[in-house]
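> turn this into a model:
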Amino acid sequence: MKPEGHQEEQEKSNKRSFVHPSPRMPNIKVFTGSSHPDIAEKISSRLGLTLGKAITKKFSNKETNVEIGESVRGEDVYIVQSGSGEINDNLMELFIMINACKIASASRVTAVIPSFPYSRQDKKEKSRAPITAKLLANLISVAGADHVITMDLHSSQIQGFFNIPVDNLYAEPAITKWIKENIPEWSTSVMVSPDAGGAKRMTAIADRLDIDFAIIHKERQRANEGDSTVLVGDVKNRTAIMVDDLADTCDTIVKAADKLREAGANKIYAILTHGVFAGDAIQKINASCLEAIVVTNTIPQDKHMKLCPKLQTIDISVMLAEAIRRTHYAESVSYLYTTVPY
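Below is the predicted model:
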């Protein structure tokens, strides 16, 4: 017969063996689509990871095919795909990659979309017009995404189109940092919004820098064409810094620069988050009076930079990488609204 003390110790040992271990933080994997592999490489390098194995291709009938080349079971998956290039094909690629990871038992799938496409179609401009940004939000959710990380949405209310969490990061801290490091006379310069719609973004940066601001008011006659511009503010003999979220045909930016030059501005800079540069936008910039046009790398700019010596880029991959890291470890991302990580 075993001693009573030994029996109690054995019962305690049995109970300990059935205690459930603490839940494991899932591993993290970053995949990229074909729209912007460069920023995905920078994000994964910043996180100390290698990009996940994924092959994207098209069949002869132009159907998109995706093969995820490694296990994602129980993993925290991030898929980087920007709204650039062949936008519709890249969106389909994103949907398929999300769905492939989801049905392969990934614990969570986050779509990292540095430049959110169709963001300008966020409301009904006229009768029978679609709200395509809402449709895109539905498609991302239906594909299986659990979370979205993006940068400088054209309209912040697009976050409300989703039924899943959306982190809309701001390029404002990176832009402020670039201005202080690259414009010697920034403290006496004037922030300018090329239209009334960007006034909130512009005044936020002006307040951070504690400098004056001005607004160019225009009446838009047709899409992508500005007309009847009026400058509200004083830029004479000063450096003017225009800020906006997106440059497409660049008509608005170039005409605003001409207006600022007429008003007596010494130097004129344009700083934008998303540089689409459609059509002959690069030629317009080269022929303009802009000192420099600066964009973030939410959209690939290598080809444009070869054609335009005035074009410069701000790398925001560090902000996206930090957002991914904080999301993975369930930390707040509000730090990124005011600060650029080192």
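> show me what counts as buried in the lengthiest helix in the chain.
In the chain, taking DSSP state H as the definition, the longest helix is helix 87-103. Of the residues in helix 87-103, those buried by neighbour count under the rule 16 or more other CB atoms under 10 Å are 89-102. In this view, the C-beta of every residue, glycine as well, is placed from N, C-alpha and C.
> so which elements touch that helix?
The helices and strands touching helix 87-103, judged by 3 or more CB pairs under 8 Å, 6 or more residues apart in numbering; DSSP states H and E, are strand 54-58, strand 64-68, strand 76-80, strand 108-113, helix 132-143.
> how about 10 Å then?
Using 3 or more CB pairs under 10 Å, 6 or more residues apart in numbering; DSSP states H and E as the contact criterion, the neighbours of helix 87-103 among helices and strands are strand 28-32, strand 54-58, strand 64-68, strand 76-80, strand 108-113, helix 132-143.
> tell me the angle the first one makes with helix 87-103.
Comparing the axes of strand 28-32 and helix 87-103 via axes from the mean of the first three to the mean of the last three CA atoms, to 10 degrees yields an angle of 150 degrees.
> what about whatever helix or strand comes next after strand 28-32, distance to the chain center?
Read in the C-terminal direction, the helix or strand following strand 28-32 is helix 37-46, with elements assigned using DSSP states H and E. Centroid separation for helix 37-46 versus its chain: 14 Å, with CA atoms, centre = their mean, to the nearest Å.
> I'd say residue 342 and residue 318 touch.
Yes. The pair residue 342 / residue 318 is scored as a contact, 8.1 Å apart, by CB atoms under 10 Å.
> of the two, who's got more company?
It is residue 318, of residue 342 and residue 318, that has more neighbours when counted by other CB atoms under 10 Å, with 16 against 5.
> which residues touch that one?
42-43, 46, 174, 336, 340-342 (CB atoms under 10 Å, 6 or more residues apart in numbering).
> are we agreed that it is in a helix?
Yes. Assessed by DSSP: H, G, I helix; E, B strand; the rest coil, residue 318 belongs to a helix.
> distance of it from residue 43?
Relative to residue 43, residue 318 is positioned 9 Å away (CB to CB, to the nearest Å).
> coming back round to it: tell me the mean pLDDT for the longest helix of the chain?
For helix 87-103, the mean per-residue pLDDT is 97.
> distance between that helix and the chain's centre?
Between the centre of helix 87-103 and the centre of its chain there are 18 Å (CA atoms, centre = their mean).
> between it and helix 132-143, how big is the angle?
Comparing the axes of helix 87-103 and helix 132-143 via the same axes, to 10 degrees yields an angle of 30 degrees.
> helix 87-103 to strand 64-68, inter-axis angle?
Between the direction of helix 87-103 and that of strand 64-68, the angle (the same axes, to 10 degrees) works out to 40 degrees.
> what's the domain layout of this protein?
The domain map for the chain lists 28-170+318-335, 172-314, with the assignment taken from automatic domain parsing.
> can you flag the weakest of the ones you listed by average pLDDT?
Looking at the domains of the chain, the weakest mean confidence is domain 172-314, a mean of 92.
> thinking again about what came up before, ok, so of the contacts of residue 318, who is nearest residue 108?
Looking at these and their distance to residue 108, the nearest is residue 43, at 16.9 Å (CB to CB).
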